[in-house]
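> Quick one: sequence and predicted model below, then my questions.
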Amino acid sequence: MLAAAGVRFDARPAAIDERALEAGMKAAGPDQVALALAEAKALAVDAPDIPILGSDSLVVVDGQRFDKPATRDDAAEHLRFFSGRPMHLHSAAAIARDGEIVWRHAAMATLHVRTLSPQFIESYLAAEWPEVGHCVGVFRIEAMGVQLFERIEGDHFTVLGMPLLAVLAALRDMGELPE
């Protein structure tokens with residue numbers, strides 16, 4: 001998304017234990033967890049004098065949080081659970097500079113999952129696995145994942161995994177992008 005928007009960046013891995021951080025936040029809302037993960041990722045990368053962007057997304061369906069599926073069987077189980085229900089996708093981004101969070105933002109999109117037949121789930125995973133195993137919600141909206149939904153409410157970039165418009169505005173405010 002950043003490259004398509006014309007933003008130059010270097011991607012660096014953030015070595016954090018996401019599940020441990022989540023486990024310590026059982027009572028927190030999904031937006032708070034997504035923000036905490038984004039902040040932890042931004043703070044985990046050491047790069048003096050430049051803004052470090054961290055982001056994360058999580059899915060909640062019927063009050064239950066879902067992580068990326070570990071196996072294809074997990075993915076099928078997730079899809080069976082999602083079938084016919086609204087999915088709440090929480091995406092967050094945070095920017096750190098010199099070891100401090102200087103900006104944060106969370107957004108939510110609601111994706112209404114259509115009723116999925118067992119045959120569709122099987123054919124979908126045959127075509128999309130293992131790629132969707134790296135995606136919370138078991139979908140890539142820019143690929144066959146769009147077929148999971150009957151209606152989507154919310155910002156397109158939030159659905160893609162990061163509230164990009166807010167990130168771009170923050171980078172402009174910081175003088176990192178031209179006005």
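Alright, I've got the coordinates.

> The host helix or strand of Val33 packs against which elements?
Element membership for Val33 (DSSP states H and E) is helix 30-44. Contacts defined by 3 or more C-beta pairs under 8 Å, 6 or more residues apart in numbering; DSSP states H and E place helix 30-44 against helix 18-23, strand 52-61, strand 86-97, strand 100-113. Quick note: C-beta positions are derived from backbone N, CA and C, even for glycine.

> Tell me which of these is the most buried.
The highest average neighbour count among the helices and strands packed on helix 30-44, using mean count of other C-beta atoms under 10 Å, belongs to strand 86-97 at a mean of 24.

> Let me see the contact set for Met87.
By C-beta atoms under 8 Å, 6 or more residues apart in numbering, the contact set of Met87 is 59-61, 110-113, 137.

> now it, which residues is it bridged with?
For Met87, the beta-bridge partners are Val61, Leu111 (DSSP bridges).

> rewinding a little: contacts for the helix holding Val33 next, please.
14-16, 18, 21-22, 25, 28, 52-58, 60, 65, 88, 90-96, 99, 101, 104, 106, 108.

> Check which residues of it are buried.
Buried positions in helix 30-44, judged by neighbour count with 16 or more other C-beta atoms under 10 Å: 30-31, 33-43.

> From those, pick the one nearest Leu171.
Ala42 (13.2 Å; C-beta to C-beta).

> Could you check what's spatially nearest to that closest one, not counting adjacent residues?
In this structure, Ala42 finds its nearest non-sequential neighbour in Gly54, 3.3 Å apart by C-beta to C-beta, 6 or more residues apart in numbering.

> Mind listing the residues bridging to the one you found?
Here Gly54 sits in beta bridges with Ala94, going by DSSP bridges.

> Could you list which residues are in contact with it?
Neighbour list for Gly54: 14, 37-45, 93-96 [criterion: C-beta under 8 Å, 6+ apart].

> and it, how far is that from Ala14?
6 Å (C-beta to C-beta, to the nearest Å).

> Quick check: neighbours shared by the two?
Applying C-beta under 8 Å, 6+ apart, one finds that Gly54 and Ala14 are jointly contacted by 40-42, 44-45.

> In CSV, list the residues you listed along with distance to Ala5.
Converted to CSV, these look like this (distance: C-beta to C-beta, whole Å):
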residue, distance to Ala5
Ala40, 24
Lys41, 19
Ala42, 18
Ala44, 23
Val45, 20
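
> next one: phi and psi at the nearest residue to Ala70 once chain neighbours are set aside?
What sits nearest to Ala70 in space, not counting adjacent residues and going by C-beta to C-beta, 6+ apart, is Gly133, at 7.8 Å. Main-chain torsions, Gly133, degrees, to the nearest 10: phi -70, psi -20.

> Brilliant, that's me finished.
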